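> The following comprises the amino acid sequence and a computationally predicted model.
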Amino acid sequence: SQTIHQWPATLVQPVGSPLSLECTVEGTSNPNLYWYRQAAGRGLQLLFYSVGIGQISSEVPQNLSASRPQDRQFILSSKKLLLSDSGFYLCAWRGGGGYTFGSGTRLTVV
Amino acid sequence: GQQLNQSPQSMFIQEGEDVSMNCTSSSIFNTWLWYKQDPGEGPVLLIALYKAGELTSNGRLTAQFGITRKDSFLNISASIPSDVGIYFCAGSYNNNDMRFGAGTRLTVKP
């Protein structure tokens, strides 16, 4: 069966530090992968999506970037974090009747 | 980017009561999805709708894909305490562009 893994679960980083969040999918090939951000008490904002290796579409201009170095790996990065980057980051893949989400990473920038 | 209008924003109900929430869009969709998110977790798919007019149930949950393809509702009958959480609607036209509502936060009082 297909599963999606996302780590770390929580992260506290100082302003100006780099960021790397990883997402991997098992049990499927060539998945469409997505990164969403959820601010506290808010809805889900689509940040990036990828339909294949090396293919990244960005939804909003921001301090973040994404990469897809392997078919089932999707990485969210930043060179220098801002306070406004705090939030709950969710990776998802298109499957299972809809979008299936990982368990999320809670990022706090201090 | 395009967003969905989801209402109500929050609901406080007594255990045993029925719940109704809905989403509207300014453009038509081919897919409507309803998710539930527990605190600190990723959203979990409850119901997926793929056809205008479709009415689908999942236990005490019932959702409908509006005839106009611009709206959907979710009903929960005989609510119980474990129904507490945030419910999100999501819609897309081409599945690569899934948009989410801002969520309905449900509180169930025993």
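Here it is on my side, so go on. Numbering: from 1, shown residues only, chains lettered A, B, ... in the order given.
> The residue nearest to residue A:27 when sequence neighbours are not counted and residue A:25, how far apart?
Nearest residue to residue A:27 in three dimensions, chain neighbours excluded: residue A:2, at 3.8 Å (Cβ to Cβ, 6 or more residues apart in numbering or on different chains). The way it works is simple: take the backbone N, C-alpha and C, and place the C-beta from them, glycine included. Applying Cβ to Cβ, to the nearest Å, the value for residue A:2 to residue A:25 is 7 Å.
> Looking at the two, which is more packed in?
Between residue A:2 and residue A:25, residue A:25 has the larger neighbour count (other Cβ atoms under 10 Å in any protein chain shown), namely 24 against 13.
> Now the residue of chain B found nearest chain A: phi and psi?
With Cβ to the nearest Cβ, the shortest gap between chain B and chain A falls at residue B:42, namely 3.4 Å. The phi and psi values for residue B:42, taken as degrees, to the nearest 10, are phi -80, psi 160.
> Tell me who's in contact with it.
If a contact means Cβ atoms under 8 Å, 6 or more residues apart in numbering or on different chains, then residue B:42 has A:6, A:90, A:92, A:101, A:102, A:103, A:104 as its contacts.
> Reformat those as JSON lines; add neighbour count and pLDDT.
Below are those laid out as JSON lines (neighbours: other Cβ atoms under 10 Å in any protein chain shown; pLDDT from 0 to 100):
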{"residue": "A:6", "neighbour count": "23", "pLDDT": "94"}
{"residue": "A:90", "neighbour count": "26", "pLDDT": "95"}
{"residue": "A:92", "neighbour count": "27", "pLDDT": "94"}
{"residue": "A:101", "neighbour count": "23", "pLDDT": "92"}
{"residue": "A:102", "neighbour count": "25", "pLDDT": "93"}
{"residue": "A:103", "neighbour count": "14", "pLDDT": "93"}
{"residue": "A:104", "neighbour count": "22", "pLDDT": "94"}
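> Determine which two of those are furthest apart.
Among the contacts of residue B:42, the pair separated by the greatest distance (Cβ to Cβ) is A:92 and A:103, at 11.2 Å.
> sorry, back to before: which single one of the contacts of residue B:42 is nearest to chain B?
Among the contacts of residue B:42, residue A:101 lies closest to chain B (Cβ to the nearest Cβ), at 3.4 Å.
> So that closest one sits against residue A:4, correct?
Yes: in this structure residue A:101 lies within contact range of residue A:4 using Cβ atoms under 8 Å: 7.1 Å.
> Show me whatever sits in contact with both of those two.
Common neighbours of residue A:101 and residue A:4 (Cβ under 8 Å, 6+ apart) are A:91, A:92.
> tell me the contacts of the nearest residue to residue B:29 once chain neighbours are set aside?
Distances taken as Cβ to Cβ, 6+ apart place residue B:91 nearest to residue B:29, at 3.9 Å, with adjacent residues excluded. Residue B:91 makes contact with B:4, B:23, B:25, B:29, B:31, B:32, B:33, B:72, B:98, B:99, according to Cβ under 8 Å, 6+ apart.
> if we go to 7 Å?
B:4, B:23, B:25, B:29, B:31, B:32, B:99 (Cβ atoms under 7 Å, 6 or more residues apart in numbering or on different chains).
> in its sheet, what does the host helix or strand of it sit against?
According to DSSP states H and E, residue B:91 maps onto strand B:85-92. Strand B:85-92 pairs in its sheet with strand B:31-37 (antiparallel), strand B:99-100 (antiparallel), strand B:104-109 (antiparallel), by DSSP bridges.
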